[in-house]
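Asker: A structural model of the following input is requested.
(chains A and B, ligands or ions: 5)
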There are 2 protein chains.
Amino acid sequence: IPVFGLVRLLGLAAAAGILFWAVHYRGGMALSTNEESKLSIFNVHPVLMLIGLVALNGEALLAYKTVPGTKKLKKLVHLALQFFAMFLCIIGLWAVWKFHDERKIDHLYTLHSWLGLTCIIFFSLQWATGFWTFWYPGGSRSGRASLLPWHVFFGIFIYVLAIATSVSGLLEKSIFMQSTKMIGRFSTEAMFMNSLGMLLVVLGALVILAIVS
Amino acid sequence: IPVFGLVRLLGLAAAAGILFWAVHYRGGMALSTNEESKLSIFNVHPVLMLIGLVALNGEALLAYKTVPGTKKLKKLVHLALQFFAMFLCIIGLWAVWKFHDERKIDHLYTLHSWLGLTCIIFFSLQWATGFWTFWYPGGSRSGRASLLPWHVFFGIFIYVLAIATSVSGLLEKSIFMQSTKMIGRFSTEAMFMNSLGMLLVVLGALVILAIVS
Ligand code: HEM
Ligand code: HEM
Ligand code: HEM
Ligand code: HEM
Ligand SMILES: O=C1O[C@H]([C@@H](O)CO)C(O)=C1O
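Answerer: Ligands and ions are numbered 1, 2, ... in the order given. Have a look, this model is predicted:
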């Protein structure tokens, strides 16, 4: 069905969109900087989160339906993409944490950060239990069969949570910048960020549709 | 299964939570006021949105599984609860719109408001097509059967969107109040709002679980 092509296109558009935003509007990314605002450290966060937990995660969820070849190969792609996603999201979390430390901003005071931490913890647990049960050492036939529906349900839940968290991150970043007069309410950048948020919602709906149908 | 009882409990807790917040922390609600801030008009918005599009919508989605009696009765409860939800959400939208007009604040500049408007439009369309096809005048047997999976998919999508929109509304309200120093980052009220947001996520997951299982 052409939905897989569309999903890949939208996933790529979302990844390109957040990169473009970080580079074009926000002056680029760095893992360490002398600038006083430390904002280029922050910029690493949205880019890696969105590419990891939304774009790569989405591709990984569809791997059983898009990757040709043996079941073992599909599984390996699913598992490897999710591993890479987890790797990126941990660096992305580390970056925003470092930004907060260097600027002496409190940790974990927003609803976005609570959703985000929940998402990363669940994602890591899901990866570990998936690996343990379905790859190595692997559970019994009946153990696998009884875990699978929960694996799918939680996998979809975590994916939706990642989209909701990213949307909330875009929203709060835009509002922070508006309240400090860095950007205007109807500036091109604000409209770009809102559009990116809407794109994520559409992408999420299509990924779920492609999984269940 | 006890999940239906739990869902009802959490739905009630969410409704009570937003009411408590509006009354205890935010000074109550009014449809018209002389106060300069106009904030009691605003307060109508979160309460009606959350009770309508989250709590009542959730109950309505589960009606086919929780209401005893004939299919016709279940259908009537489903349809009537969704109608009431639509009614409340239109008043809730009108309230925030009026608040913005009276305070001369722009309309539709946030990602929250874009998500919200999309949600309300889709909800109304879903109600109208549902009514037309499944109640009066009613489609052909095959027309109903082919619409149903889409009705269910879109119904779940709209519900998830309502939760994500409410979460984003709680987040932005909290950040607006923090940036104008009305509340502190770790104030009881901020923590209460974050907890309410987390509760909505759990509620959403359980409602979907109850529908699909
Ligand atoms: C699934 C994806 C995401 C996750 C899991 C996530 C997670 C987090 C976490 C845990 C924090 C708290 C850091 C601390 O307290 O030191 C945070 C902060 C932040 N994130 Fe994200 N984030 C995600 C996506 C995004 C995106 C796409 C943006 C868009 C700009 C963003 C913007 C922010 C901002 C502005 C902060 C600092 C303010 C705050 O603590 O909320 N995030 N994020
Ligand atoms: C956080 C990481 C992960 C998430 C979010 C996740 C999520 C999902 C989802 C949503 C599905 C349903 C896909 C579909 O039906 O098209 C699925 C299937 C599956 N996943 Fe994962 N998964 C993760 C990690 C893993 C790992 C590490 C393994 C280890 C091999 C694994 C093994 C499987 C298997 C065996 C299936 C069933 C494929 C089938 O027979 O249809 N998953 N996963
Ligand atoms: C599904 C539920 C909700 C929907 C559909 C929704 C929809 C909307 C819409 C369309 C606007 C724009 C009004 C305008 O531009 O004049 C708005 C504004 C607003 N809403 Fe909501 N809302 C929902 C839930 C909430 C909740 C639970 C809160 C929590 C406090 C909230 C807080 C706000 C705030 C602060 C504004 C004004 C700032 C802005 O325009 O974003 N909303 N909402
Ligand atoms: C915005 C409003 C509505 C939403 C969000 C919505 C959503 C849903 C959902 C999610 C389901 C699946 C429930 C389950 O399987 O337990 C469902 C089933 C159904 N809905 Fe709606 N619905 C809405 C309005 C209506 C209206 C107005 C009617 C007119 C009678 C209707 C008729 C039905 C029917 C016939 C079913 C199938 C029940 C069955 O046989 O399992 N819906 N709806
Ligand atoms: O390892 C696996 O477990 C599930 C299934 O066999 C469980 O019944 C599946 O599809 C695998 O590839």
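Asker: which bits of chain A sit near ligand 2?
Answerer: Residues of chain A lying close to ligand 2 by CB under 6 Å from any ligand atom are A:61, A:64-65, A:75, A:78-79, A:82, A:123, A:126-127, A:130-131, A:134-135, A:148, A:151-152, A:155-156, A:158, A:211. Yep, even glycine has a C-beta here, placed from its N, CA and C like the rest.
Asker: ok and the residue in chain A nearest ligand 4?
Answerer: Relative to ligand 4, the nearest point of chain A is A:Val212 (13.1 Å; CB to the nearest ligand atom).
Asker: Just the buried ones among the residues of chain A next to ligand 2, please.
Answerer: Buried subset of these (neighbour count, 16 or more other CB atoms under 10 Å in any protein chain shown): A:61, A:75, A:78-79, A:82, A:123, A:126-127, A:130, A:134, A:155-156, A:158, A:211.
Asker: mind listing the strands in chain A by residue range?
Answerer: Taking DSSP state E as the criterion, chain A contains no strands.
Asker: Nearest residue to the middle of it?
Answerer: Most central in chain A under CA atoms, centre = their mean is A:Leu53, positioned 2.3 Å from the mean C-alpha point.
Asker: Report pLDDT for the residue lying closest to that residue once chain neighbours are set aside.
Answerer: Distances taken as CB to CB, 6 or more residues apart in numbering or on different chains place A:Ala162 nearest to A:Leu53, at 4.0 Å, with adjacent residues excluded. pLDDT for A:Ala162: 98.
Asker: ok, now how distant is A:Tyr159 from ligand 3?
Answerer: To ligand 3, A:Tyr159 is 21 Å away according to CB to the nearest ligand atom, to the nearest Å.
Asker: Now do the contacts for the closest residue to that residue other than its chain neighbours.
Answerer: Counting by CB to CB, 6+ apart, A:Asn57 is the residue found nearest to A:Tyr159 once chain neighbours are left out, at 5.7 Å. Contact analysis of A:Asn57 by CB atoms under 8 Å, 6 or more residues apart in numbering or on different chains lists A:81-82, A:85, A:123, A:158-159, A:162.
Asker: Tell me which of those residues fall in helices.
Answerer: A:81-82, A:85, A:123, A:158-159, A:162 (DSSP state H).
Asker: Pull up the residues of chain A that are close to ligand 5.
Answerer: So chain A meets ligand 5 at A:71, A:75, A:134, A:144-145, A:148 (CB under 6 Å from any ligand atom).
Asker: and the residues you listed near ligand 3, which?
Answerer: Answer for the residues of chain A next to ligand 5 near ligand 3: none qualify (CB under 6 Å from any ligand atom).
Asker: Just the closest of those residues to A:Leu117, please.
Answerer: A:Leu117 lies nearest to A:Phe134 out of the residues of chain A next to ligand 5, by CB to CB, at 25.9 Å.
Asker: residue ranges with poor pLDDT in chain A?
Answerer: In the predicted model, chain A carries pLDDT under 70 at residues A:1.
Asker: got the residue ranges for the helices in it?
Answerer: So, for chain A - with DSSP H - the helices run A:3-20, A:39-42, A:44-49, A:57-66, A:71-103, A:111-134, A:141-179, A:188-212.
Asker: can you tell if the second one touches chain B?
Answerer: Just to be clear, that refers to helix A:39-42. No - judged by CB under 8 Å from any CB of the partner chain, helix A:39-42 stays clear of chain B, getting no closer than 15.9 Å.
Asker: ok so, going back, in JSON lines: the contacts of A:Asn57, plus distance to A:Phe192.
Answerer: Below are the contacts of A:Asn57 laid out as JSON lines (distance: CB to CB, whole Å):
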{"residue": "A:Leu81", "distance to A:Phe192": "27"}
{"residue": "A:Gln82", "distance to A:Phe192": "29"}
{"residue": "A:Ala85", "distance to A:Phe192": "24"}
{"residue": "A:Phe123", "distance to A:Phe192": "27"}
{"residue": "A:Ile158", "distance to A:Phe192": "27"}
{"residue": "A:Tyr159", "distance to A:Phe192": "24"}
{"residue": "A:Ala162", "distance to A:Phe192": "21"}
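Asker: how about stretch A:35-49, does it get close to ligand 1?
Answerer: Yes - counting by CB under 6 Å from any ligand atom, ligand 1 is contacted by stretch A:35-49 at A:45-46, A:49.
Asker: Just among those, which is most surrounded?
Answerer: Tallying neighbours with other CB atoms under 10 Å in any protein chain shown puts A:Met49 at the head of the residues of stretch A:35-49 next to ligand 1, with 26 neighbours.
Asker: List the residues that contact it.
Answerer: Counting by CB under 8 Å, 6+ apart, A:Met49 touches A:88-89, A:92-93, A:116, A:162, A:165-166, A:169.
Asker: nearest residue to A:Val152 other than its sequence neighbours?
Answerer: Setting aside the residues directly before and after it, A:Val152 is nearest to A:Ile211 in space (CB to CB, 6+ apart), at 7.8 Å.
Asker: Tell me how far A:Phe153 lies from A:Leu203.
Answerer: Separation of A:Phe153 from A:Leu203 (CB to CB, to the nearest Å): 20 Å.
Asker: Looking at the two, which is more packed in?
Answerer: A:Leu203 (21 against 15).
Asker: how near is that one to B:Ile121?
Answerer: Taking CB to CB, one finds A:Leu203 at 19 Å from B:Ile121.
Asker: The closest residue to A:Glu59 other than its chain neighbours: how many residues sit nearby?
Answerer: Nearest non-adjacent residue to A:Glu59, counting by CB to CB, 6+ apart: A:Leu81, 5.8 Å away. Neighbours of A:Leu81 under the rule other CB under 10 Å: 21.
Asker: repeat for A:His100
Answerer: Residues lying near A:His100 (other CB under 10 Å) number 18.
Asker: do the same with A:Met29
Answerer: Neighbour number of A:Met29 under other CB under 10 Å is 20.
Asker: Take the residues of stretch A:35-49 next to ligand 1 and write them to a markdown table, including distance to ligand 3.
Answerer: Output for the residues of stretch A:35-49 next to ligand 1, formatted as a markdown table (distance: CB to the nearest ligand atom, whole Å):
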| residue | distance to ligand 3 |
| --- | --- |
| A:His45 | 23 |
| A:Pro46 | 20 |
| A:Met49 | 23 |
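Asker: which one among the residues you listed gets closest to ligand 2?
Answerer: A:Met49 (14.3 Å).
Asker: distance of that closest one from A:Leu31?
Answerer: The gap separating A:Met49 from A:Leu31 is 15 Å, by CB to CB.
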